[in-house]
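> how would this look folded up:
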Amino acid sequence: MSELPKSKKLINAVERCVDENLEGFVAVNPGLRLLKGHRVVLRADLDDYKASGKVAVLCGGGSGHEPAHAGYVGPGMLTGSIAGAVFASPPPSTILAAIRAVGKGNTGGVLLVIKNYTGDRLNFGIAAERAKVDGLCVDMVVVAEDCALTSADKTAGRRGLCGTVLIHKLAGALAEEGKPLEDIVTICKQAVTSMGTIGMSLSPCSLPGSGPSFHLQPDEMELGLGIHGEAGVSRMKLLKAKAAVATMIDHMTSPTNATYLGVNKGDQVALVVNNLGGTSVLEINIMSKEVIECLESRGISVQRAYCGSFMTSLEMAGVSLTIMHLDDTRRRCLDAPTEAVGWTRPLLPRGVKDRTTPSVMCGDSTDVGNLVVTTGTGKHVQEATSHLLYHVFHGVCDTLIASEAQLNTLDTQSGDGDCGSTLKAGAQAILQHLGTESAPGLPLIQPESLLLSVAAIVEQSMGGSSGALYSLFLTAAAKELSSDVSPHAWMSALQSGISAITRYGGAEPGDRTMLDSLHAALQCLQQHLGKMEPLEALEMAVKHAQDMAQKTAQMKAKAGRASYVSTEHQTQPDPGAYAVGVWLGAVYQAIKTNT
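Numbering: from 1, shown residues only. From the prediction side, this is the model:
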């Protein structure tokens, strides 16, 4: 059987990756220190902290869950952290070294916060017992808040997941307040039983030097997996964000699930939306929106919400949700200040502590309904011509929508793969305003106002550089139709549009952009319009534009996003130039069919 390919990692050596991770972390954060000879990160002001007699809070476990646990070391959270190898519990000797470092000379004692995994319980337990023999005061809180398991009789029990970070925050805040060890233990244990976590994965993670830890089909997702890639409770087809959130919340809170968390209407909770490592910020924000809306629709008050990477699983794509019931103590501790760099605190209005979903701020942005220009003084066309313009714009929009996939494919070589989708968005917006032939929503009777209206529509609906370029093109073209709507006036409009793109966009013909096709069409019209029927000249112009679009495959990009891409990867026509050939062809076909 062939060996699975190893995943790509930016490391120097597998056996040194944990140590170099910690060395890099403290190099960036010199308020922390490494304990010599151990994978232990400590507060740099440790001596002063011990002298204060406050409880020292330690946490640890396998590496690969960054920012946990070193990211939570700092005033207001952990006193120190202990790292094992990737996904492996640290040895008792290292844990004991950390306990001695923070416990000796500290009258407050030491609290160990660990996740409910067999290796962690055993190794931290051994170290704790040895520390007690040394005369140190040590206690332990085991976090086991996993709500995925459908049976409560598993030997290993519920797993400790991202909820552990909330216990870090509670314990650290209570320690800073000077609370005694036994009180902190009691409060933290009560909090563990008042929260739950469930995860959802879209892709596996891979240990340094190894291949993926498991396999998911492109259209699959897994519910309830562990932070080390342990199997979840079910695999299912990929769901949209809203449905995925509902599935997770339903499983977490269902009484039919032996490990469920009871959440009822009127409850006040804290929520953590945790990136498992490889999920984009865009997706995490969408998930946060959906979770808050889901809980609020059930009458649950989400008074504290946190979103980010808190407890990861290397590069696993996915998310976990943690819900904790709130009381006054938990609120106070969550709100307490901390300098730990891994703790992400939300931005609230000044003087406000309880989170509420804000209303939309009213502004002076242009209303979509006002995009259509109806006050123009430009020359009017005959009714038959206005009907022809209706078919032209409808045909262009239909053709661009149908060309979405083809244009996106071309754009993957030289851009971000969205050229077709961007033009489709503009086309759909135009169609929404176009109305019907008998009751048009755009000023088809007045070409100047028509182009100005379309310019405003694409500027708003397409966005980015494409929307700006087409808006420039149409706006500049419109003024040429204020007093003349003859074929030569339309040619002048094309020329003015090209000049505007060149002036503001910085590109010129020959730079492998949309200008190449536009310029080819203009040159053809300048040569032949007046010497033959306008439709024949247009047909030739379309052919010249489409031929030039094909030739861009051999050009070197000198403008636009494609100019940053290596020439060897640019073997297909420029998508912008190709799109011009597409819509010019649609213009010709519409005129030919309807005249």
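> can I assume Ser201 is in contact with Gly318?
Yes. Counting by Cβ atoms under 8 Å, Gly318 is a contact partner of Ser201 at 3.7 Å. Yep, even glycine has a C-beta here, placed from its N, CA and C like the rest.
> overlap of the contact sets of those two?
Common neighbours of Ser201 and Gly318, using Cβ atoms under 8 Å, 6 or more residues apart in numbering, are 221, 225, 276.
> just the buried residues from the residues you listed, in PyMOL please.
Buried members of the shared contacts of Ser201 and Gly318, defined by 16 or more other Cβ atoms under 10 Å, are picked up in PyMOL with:
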select buried, resi 221+225+276
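> for the worst-scoring helix or strand of the chain on mean pLDDT, packing partners?
Here the helix or strand of the chain ranked lowest by mean pLDDT, DSSP states H and E is helix 404-414, holding a mean of 88. Packing contacts for helix 404-414, counted by 3 or more Cβ pairs under 8 Å, 6 or more residues apart in numbering; DSSP states H and E, involve helix 419-434, helix 575-594.
> ok, back up a step: now the shared contacts of Ser201 and Gly318 as TSV including distance to Thr377 and pLDDT?
Below are the shared contacts of Ser201 and Gly318 laid out as TSV (distance: Cβ to Cβ, whole Å; pLDDT from 0 to 100):
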residue	distance to Thr377	pLDDT
Met221	58	93
Leu225	66	83
Leu276	60	96
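> and the shared contacts of Ser201 and Gly318, which is closest to Ile292?
Nearest to Ile292 out of the shared contacts of Ser201 and Gly318 is Leu276 (Cβ to Cβ; 19.1 Å).
> go ahead and confirm that closest one touches Ser203.
No. Using Cβ under 8 Å, Leu276 is not in contact with Ser203; the gap is 9.4 Å.
> neighbours of the nearest residue to Gly31 once chain neighbours are set aside, just the number please.
Leaving aside its sequence neighbours, Gly31 sits nearest to Ala44 (Cβ to Cβ, 6 or more residues apart in numbering; 5.1 Å). Number of residues near Ala44 (other Cβ atoms under 10 Å) recorded here: 15.
> can you check the one 3 residues further on too?
The local packing of Asp47 (other Cβ under 10 Å) involves 9 other residues.
> shouldn't Asp411 be in contact with Ala577?
No. Asp411 is not in contact with Ala577 according to Cβ under 8 Å; the separation is 11.5 Å.
> of those two, which one has the most company?
Neighbours were counted for Asp411 and for Ala577 using other Cβ under 10 Å; Ala577 has more, 28 against 24.
> Asn116 and Val272: what is the separation?
Separation of Asn116 from Val272 (Cβ to Cβ, to the nearest Å) stands at 18 Å.
> higher neighbour count, these two?
Set Asn116 next to Val272 and count neighbours by other Cβ under 10 Å: Val272 wins out with 26 against 19.
> which residues touch the more buried one?
Under the criterion of Cβ under 8 Å, 6+ apart, the contact list for Val272 reads 162-163, 165-166, 305-307, 310, 320-322, 324.
> what's the closest of these to Ser403?
Of the contacts of Val272, the one sitting nearest to Ser403 (Cβ to Cβ) turns out to be Cys307, at 37.6 Å.
> packing partners of the host helix or strand of the closest one?
Assigning secondary structure by DSSP states H and E places Cys307 in strand 301-308. Helices and strands touching strand 301-308, by 3+ Cβ pairs under 8 Å, 6+ apart, are strand 268-275, helix 281-297, helix 328-335.
> nearest to Ala478, of these?
Closest among the helices and strands packed on strand 301-308, once you apply Cβ to Cβ, is helix 281-297, at 35.9 Å.
> in that closest one, what's buried?
283-284, 286-292, 294-295.
> can I get these in TSV with distance to Tyr390 and pLDDT?
Listed next are those as TSV, based on distance: Cβ to Cβ, whole Å; pLDDT from 0 to 100:
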residue	distance to Tyr390	pLDDT
Glu283	41	98
Ile284	44	97
Ile286	38	98
Met287	43	98
Ser288	44	98
Lys289	39	98
Glu290	41	98
Val291	46	98
Ile292	45	98
Cys294	44	97
Leu295	48	98
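> follow-up on the earlier one: got the angle for the least confident helix or strand of the chain vs helix 575-594?
Between helix 404-414 and helix 575-594, the angle comes out at 160 degrees (axes from the mean of the first three to the mean of the last three Cα atoms, to 10 degrees).
> now helix 404-414: buried residues?
For helix 404-414, burial by neighbour count (16+ other Cβ under 10 Å) applies to 404, 407-408, 410-411, 413-414.
> possible to save those as JSON lines with distance to Cys362?
Shown next, in JSON lines, are the buried residues of helix 404-414 (distance: Cβ to Cβ, whole Å):
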{"residue": "Glu404", "distance to Cys362": "34"}
{"residue": "Leu407", "distance to Cys362": "37"}
{"residue": "Asn408", "distance to Cys362": "36"}
{"residue": "Leu410", "distance to Cys362": "41"}
{"residue": "Asp411", "distance to Cys362": "36"}
{"residue": "Gln413", "distance to Cys362": "43"}
{"residue": "Ser414", "distance to Cys362": "40"}
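> ok, of the residues you listed, which one's closest to Ala439?
In terms of Cβ to Cβ, no member of the buried residues of helix 404-414 lies closer to Ala439 than Glu404, at 27.8 Å.
> test my guess that that closest one contacts Leu423.
Yes. Using Cβ under 8 Å, Glu404 is in contact with Leu423, at 7.4 Å.
> how many other residues sit next to Ala439?
Close neighbours of Ala439, defined as other Cβ under 10 Å, add up to 6.
> now do Ala402
By other Cβ under 10 Å, the burial measure for Ala402, its neighbour count, is 14.
> can you tell me what sits against the helix or strand containing Asn123?
Asn123 is part of helix 118-133, with elements assigned from DSSP H and E. Helix 118-133 is contacted from outside by 60-62, 84, 88-93, 95-96, 99-100, 103, 110, 112, 114, 138, 140, 142, 156, 160, using Cβ under 8 Å, 6+ apart.
> kindly report the same for stretch 43-56.
For stretch 43-56, contacts defined as Cβ under 8 Å, 6+ apart pick out 30-33, 73-75, 79-80, 101-111, 171, 174-176, 178-181, 184.
> poorly predicted segments of the stretch 301-450 of the chain, please.
Along the stretch 301-450 of the chain, the model assigns pLDDT under 70 to residues 364-370, 374-376, 414.
> same thing with the chain?
Along the chain, the parts satisfying pLDDT under 70 run over 1-5, 150-156, 231, 364-370, 374-376, 414, 557-570.
> how does it look with 50?
Within the chain, the stretches with pLDDT under 50 are 1-2, 154, 368, 564-565.
> helices of the stretch 151-300 of the chain, start to end?
Taking DSSP state H, counting those that start in this stretch as the test, the helices found in the stretch 151-300 of the chain are 163-176, 181-192, 241-253, 281-297.
> those: which one's closest to Gly24?
Across the helices of the stretch 151-300 of the chain, Gly24 has its closest neighbour in helix 163-176 (21.0 Å, Cβ to Cβ).
> next one: that closest one to chain centre, how far?
The chain centroid and the centroid of helix 163-176 are separated by 28 Å, computed with Cα atoms, centre = their mean, to the nearest Å.
> between it and helix 328-335, how many degrees?
100 degrees.
> what's helix 163-176 packed up against?
Judged by 3+ Cβ pairs under 8 Å, 6+ apart, helix 163-176 is in contact with strand 56-63, strand 110-115, strand 138-143, helix 181-192, strand 195-201, strand 268-275, strand 318-325, helix 328-335.
> how about these in a markdown table, adding distance to Gln572?
Converted to a markdown table, the helices and strands packed on helix 163-176 look like this (distance: least, Cβ to Cβ, whole Å):
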| stretch | distance to Gln572 |
| --- | --- |
| strand 56-63 | 43 |
| strand 110-115 | 50 |
| strand 138-143 | 53 |
| helix 181-192 | 57 |
| strand 195-201 | 35 |
| strand 268-275 | 35 |
| strand 318-325 | 34 |
| helix 328-335 | 53 |
